[in-house]
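Colleague: I need the structure of the sequence given here:
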Amino acid sequence: DANLENLSKWSAQTGPSKQKFDDASLSGVSANPGLPELLNRALSYHPEIRAAGFERRARQAEVIQASRVPNPEIVTELENFAGNGGFSGFEGSETTVAISQTIELGDKRQKRTEEAIRHTRVAAFDVETKRLEVFQDTAQRFYQVLAAQEELKVTASMLSSARRLEQEVNARVRAGRANILEQQRVELISSRAKVTHDQARFRLSNSLRALASVVNLPVTGLKSVKGNLFKVSHPLAETVLRSHLPDNPRAGSAAAEVARRQAALARVRSERIPDLSLTAGTRFDQESNDRAFVASIGLPLPIFNRSKGAIAAAEARVNQGIFEQQAQNIGLETLFTEHYSALVSTAQQTLTLRKELIPAARLNFQTTNRAFQRGGIDLVSLISSQQTISQLELEAVRSAAQYQMSRITLESLLGRSVTSSHKTAQ
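Modeller: Alright, predicted model coming up:
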């Protein structure tokens with residue numbers, strides 16, 4: 001089946017592991033793990049993936065069970081005994097031993113097996129869907145940590161610059177070259193910078209704890225991660241990427257579910273045809289000591305129950321599945337459109353900030369600082385120039401983080417890279 005072959009595109013298969021997810025934390029990770037190491041850990045041990053795998057195994061076992069024919073039934077009858085007169089005791093009894101076999105008509109076994117096979121395919125897509133969900137959650141939390149680390153660096157630089165400026169203004173006040181209002185202003189800026197830095201440290205701590213939980217590490221098991229938040233480039237053409245949406249396991253699962261419901265409808269329709277029951281055996285007459293063969297054929301008469309209700313329900317569920325598939329496809333299209341647009345805009349924004357605006361702001365600050373040292377401009381202009389750099393750097397971090405969130409979402413949707421290459425936005 002072509003859809004099943006597409007499953008290999010989505011994630012590297014990991015062999016079955018007898019290690020419990022709860023025990024996985026004992027092995028730990030490196031001191032400064034990257035995304036591949038954390039993804040390998042999450043995809044190997046996550047209980048939701050393993051649970052989905054066992055569901056697939058259960059469905060495979062049900063295929064074997066569905067393909068089996070009904071077991072024969074052995075019947076033993078003892079008649080004409082323990083009565084009165086000539087039937088007292090067992091002298092006049094008759095004993096019949098026979099074997100009865102149900103013969104399924106209407107290709108019931110074939111249709112039952114086909115439904116079980118279709119259910120197995122749904123379960124296979126569900127496994128891949130769960131792997132994608134774990135991949136997306138882990139990767140996005142990883143980039144949230146990277147963004148928090150970068151934000152902490154920016155706020156640390158803001159705090160350091162504010163304190164240097166505070167020391168310089170204090171020296172100017174002591175020398176009589178600045179007034180108390182300027183001193184109060186830089187003290188306020190320094191205090192705000194410290195609050196901002198503390199908030200960034202708190203966000204980083206929370207992001208690390210959340211990532212550790214996803215990969216089943218102790219909440220304090222991660223101190224930092226390694227990676228490049230600013231590895232940014234423009235995506236491939238929208239039409240090229242959109243053409244891969246049908247390969248998504250969620251789309252495959254919806255299509256497989258429709259096929260399963262159609263198979264269920266075929267099975268229910270086959271149940272309108274009654275099954276044949278064949279019985280054959282031997283009868284022994286205790287009184288005459290004679291033996292004879294017996295045989296019978298049974299066929300239910302479909303008078304009161306013709307499975308009309310079951311067929312109507314199965315038909316309704318097929319129609320329901322078709323509309324659910326359409327809704328799923330619309331949802332995937334909408335998600336793709338939203339995140340592709342976000343990817344394009346954040347890529348351009350990040351590259352512009354890092355390559356044009358931030359260098360220009362730093363150059364402006366250098367010029368402004370030299371003018372301030374010469375007394376050519378006031379403190380307000382210097383502070384404004386310095387704050388512009390910090391604001392642009394924070395904006396670049398947040399833009400790059402949004403880019404990575406959208407990129408991970410799209411790659412989870414499409415199962416492939418969405419960019420031809422990555423350019424670091426220096």
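Colleague: Val294 bridge partners, please.
Modeller: Beta bridges link Val294 to Gly281, judged by DSSP bridges.
Colleague: output stretch 307-315 as PDB, nothing but the C-alphas.
Modeller: Only the C-alpha atoms of stretch 307-315 are listed here, as PDB (Å, rounded to 0.1, in the frame of the first residue of the first chain):
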ATOM      1  CA  SER A 307     -29.900  -6.000   9.500                       C
ATOM      2  CA  LYS A 308     -31.500  -2.800   8.100                       C
ATOM      3  CA  GLY A 309     -30.700  -0.800  11.200                       C
ATOM      4  CA  ALA A 310     -27.100  -2.000  11.300                       C
ATOM      5  CA  ILE A 311     -26.700  -1.200   7.600                       C
ATOM      6  CA  ALA A 312     -28.200   2.300   8.000                       C
ATOM      7  CA  ALA A 313     -25.800   3.000  10.900                       C
ATOM      8  CA  ALA A 314     -22.800   1.800   8.900                       C
ATOM      9  CA  GLU A 315     -23.800   3.900   5.900                       C
END
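Colleague: so what's Ala342 up against?
Modeller: Gln402, Tyr403, Ser406 (CB atoms under 8 Å, 6 or more residues apart in numbering). To be clear about C-beta, it is placed using only N, CA and C from the backbone, and glycine gets the same treatment.
Colleague: just curious, which of those is nearest to Tyr45?
Modeller: Ser406 (27.5 Å; CB to CB).
Colleague: number of nearby residues for that closest one?
Modeller: Neighbourhood size, Ser406 [other CB atoms under 10 Å]: 23.
Colleague: and it, what element?
Modeller: helix 379-414 (DSSP states H and E).
Colleague: counting contacts, what elements does that helix pack onto?
Modeller: Taking 3 or more CB pairs under 8 Å, 6 or more residues apart in numbering; DSSP states H and E as contact, the helices and strands that helix 379-414 lies on are helix 108-175, helix 180-214, helix 308-352, helix 358-373.
Colleague: give the buried residues for the second one.
Modeller: Within helix 180-214, the residues that count as buried by 16 or more other CB atoms under 10 Å are 182-183, 185-186, 189-190, 193, 196-197, 200, 203-204, 207-209, 211-212, 214.
Colleague: helix or strand right after it?
Modeller: Counting by DSSP H and E, what follows helix 180-214 is strand 231-232.
Colleague: what's the helix or strand following that next one in contact with?
Modeller: Next helix or strand after strand 231-232 toward the C-terminus (DSSP H and E): helix 238-242. Outside helix 238-242, the residues that touch it by CB under 8 Å, 6+ apart are Pro235, Glu333, Phe336, Tyr340, Leu410, Leu414, Val418.
Colleague: just the buried ones among the residues you listed, please.
Modeller: Buried among the contacts of helix 238-242 (16+ other CB under 10 Å): Pro235, Phe336, Tyr340, Leu410, Leu414, Val418.
Colleague: quick check, nearest of those residues to Gln373?
Modeller: Nearest to Gln373 among the buried ones among the contacts of helix 238-242 is Pro235, at 45.4 Å by CB to CB.
Colleague: hang on, the closest one packs against Ser345?
Modeller: No. When contacts are counted by CB atoms under 8 Å, Pro235 is not listed as touching Ser345 (10.8 Å).
Colleague: quick test: name the residue nearest the centre of the protein.
Modeller: Glu133 (1.6 Å; CA atoms, centre = their mean).
Colleague: if we can go back for a sec, and the contacts of Ala342 as TSV, adding pLDDT?
Modeller: TSV is the format used below for the contacts of Ala342 (pLDDT from 0 to 100):
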residue	pLDDT
Gln402	97
Tyr403	97
Ser406	96
